[in-house]
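1. no sequence on this one, just coordinates:
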C-alpha cells in the first residue's frame, strides 16, 4: 500500500541513549517533514526536507538531527535522549506542490 | 509568524445535531488553510483545504468549512453529527518561513454523544 511508513511504533529509551526513528514513503514525494505531538500544543515542526540532500530546521530542532540521502527515506536521530523528548512523532510527505500532506501512523517515544 | 488558534479544547454535541469546531488564524499574506482529523492511535487524515475561490469549502465525510477573511476564521462544520465523528481535530495554516510546512492549532476534541 502506498503511503508513509514509520518504525518503530513504540519505543522506551533511557536518558542519554540515542536512537533513530525511521520514515519511508513510496509516493516519490519531494517534501518530507517530522513533527512532534504533545498534549495541548498540536503538532510542531522539527525538521523538514524539500528533496534529497536538502534539509532545514523547523520550530523545535534542538536535540534532533536529520539527513535525506534518498527521496524515499527521512530518518530522525535523537542524539542524547531527554525526558522532554517524550512525545508522539509523526513523519509526513507531500508532492512538490505541497498542497496535501500524507502522515505516517506515528512513533510513541518515552524517555525515562 | 503564522499562528492558529482553536479556542475550544473540547466540543460536545448530540448525535444528529449540527457541529462546529472553531479556528482563527493570523498570517501575513494569503492564507492556505487546512483541517485534519486524528482518530485514536492513528496519524492525521486530511479533511479539507482552502487555497482560493469559494469561501465555503466541502471536504471528506460530509464536513465543510467557511473561510471568513474579515474575521480571520475558518470554522469546521457538519450539518448532522455522527458518533463516529468523535476524534481530535486540527486546524492548520501553511507557513512559507518553514518551506510551506504546516503550523497547527492545539487541537479540539470532539465528542458526539449517542
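-> Sure, I can see it. Just so it is clear, the model here is predicted, and its values are computed rather than measured. Numbering: from 1, shown residues only, chains lettered A, B, ... in the order given.
2. OK, contacts around residue 56?
-> Chain wasn't specified; assuming chain A. A:47-50, B:98-99 (Cβ atoms under 8 Å, 6 or more residues apart in numbering or on different chains). (C-beta placed from N, C-alpha, C; glycine too.)
3. right idea, wrong chain: chain B
-> Residue B:56 is in contact with B:64-67, counting by Cβ under 8 Å, 6+ apart.
4. any chance of those in JSON lines, plus distance to residue A:85, pLDDT and secondary structure?
-> Below are the contacts of residue B:56 laid out as JSON lines (distance: Cβ to Cβ, whole Å; pLDDT from 0 to 100; DSSP: H, G, I helix; E, B strand; the rest coil):
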{"residue": "B:64", "distance to residue A:85": "38", "pLDDT": "97", "secondary structure": "strand"}
{"residue": "B:65", "distance to residue A:85": "34", "pLDDT": "97", "secondary structure": "strand"}
{"residue": "B:66", "distance to residue A:85": "38", "pLDDT": "95", "secondary structure": "strand"}
{"residue": "B:67", "distance to residue A:85": "36", "pLDDT": "95", "secondary structure": "strand"}
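5. most neighbours among the residues you listed, please name it.
-> residue B:65 (27 neighbours; other Cβ atoms under 10 Å in any protein chain shown).
6. that one reaches residue B:76, doesn't it?
-> Yes: the pair residue B:65 / residue B:76 is scored as a contact, 4.9 Å apart, by Cβ atoms under 8 Å.
7. and the residue nearest the centre of chain A, how far is that from chain B?
-> By Cα atoms, centre = their mean, chain A has its centre lying nearest to residue A:34, at 3.1 Å. Distance of residue A:34 to chain B, given as Cβ to the nearest Cβ, to the nearest Å: 10 Å.
8. what about the closest residue to that residue other than its chain neighbours, neighbour count?
-> In space, and not counting its chain neighbours, residue A:34 is closest to residue A:46: 4.4 Å by Cβ to Cβ, 6 or more residues apart in numbering or on different chains. Residues near residue A:46, counting by other Cβ under 10 Å, number 23.
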